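Colleague: model the structure of this input:
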Amino acid sequence: MPFCSQCGNQVGATDTFCSRCGGRQPVGPARPGGGPDPLAGINPRTASILCYVPGIGWIASIIVLASDRFRHDRTVRFHAFQGLYLFVLWLMEDWVLKPMLGMIPNMHIHSIIEAGLLAVSIFMMVKAAHEEAYALPVLGELAQKSVAEH
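Modeller: Next comes the predicted model:
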């Protein structure tokens with residue numbers, strides 16, 4: 001049951017005014033948390049693409065996974081999980097491999113790995129734009145298992 005936006009009193013889902021304080025209640029599609037769904041205007045294709053944007057895709061992935069809008073869309077959830085796992089690879093490369101390989105002079109393996117991860121991110125954005133649920137090796141299998149568990 002929703003609550004008044006002014007005083008916190010319980011109000012009916014269709015009430016325009018609060019019975020305690022008389023405050024006008026917001027109008028919009030009802031949802032369990034109250035208020036309109038912020039992701040109502042985003043289509044599944046856009047949400048899938050955003051999950052692979054380097055650096056910020058993990059934020060989009062978490063928002064997609066937490067939203068009611070995409071709760072039953074297995075393809076978008078697959079892209080969100082796979083985007084999160086790809087972000088974890090970026091972190092491992094940046095926090096583990098880069099310092100370890102940085103000790104070896106004239107070794108630019110870190111740059112090659114980073115370029116490879118960027119290429120995979122771009123590849124997955126293209127696949128998501130074509131609405132394909134392409135499963136990357138290992139990461140795709142983990143994403144499919146994560147989607148199946150929910």
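Colleague: quick check: domain ranges of the protein?
Modeller: 1-36, 44-149 (automatic domain parsing).
Colleague: quick one: mean pLDDT for the first one?
Modeller: Spelled out, it's domain 1-36. Across domain 1-36, pLDDT averages out at 73.
Colleague: returning to what we had before: let me have the domains of the chain in JSON lines, adding mean neighbour count as columns.
Modeller: Any C-beta I mention is one placed from the backbone N, CA and C, and that applies to glycine too. JSON lines is the format used below for those (neighbours: other Cβ atoms under 10 Å):
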{"stretch": "domain 1-36", "mean neighbour count": "12"}
{"stretch": "domain 44-149", "mean neighbour count": "16"}
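Colleague: by mean pLDDT, show me the worst of the ones you listed.
Modeller: Among these, domain 1-36 scores lowest, with a mean of 73.
Colleague: centroid residue for this protein?
Modeller: Central residue check for the chain by Cα atoms, centre = their mean: the C-alpha nearest the mean position is that of residue 61, 1.5 Å away.
Colleague: ok, that one to residue 127 distance?
Modeller: 15 Å (Cβ to Cβ, to the nearest Å).
Colleague: likewise for residue 6?
Modeller: Counting by Cβ to Cβ, the gap from residue 6 to residue 127 is 47 Å.
Colleague: just residue 112 next, same as before
Modeller: 22 Å.
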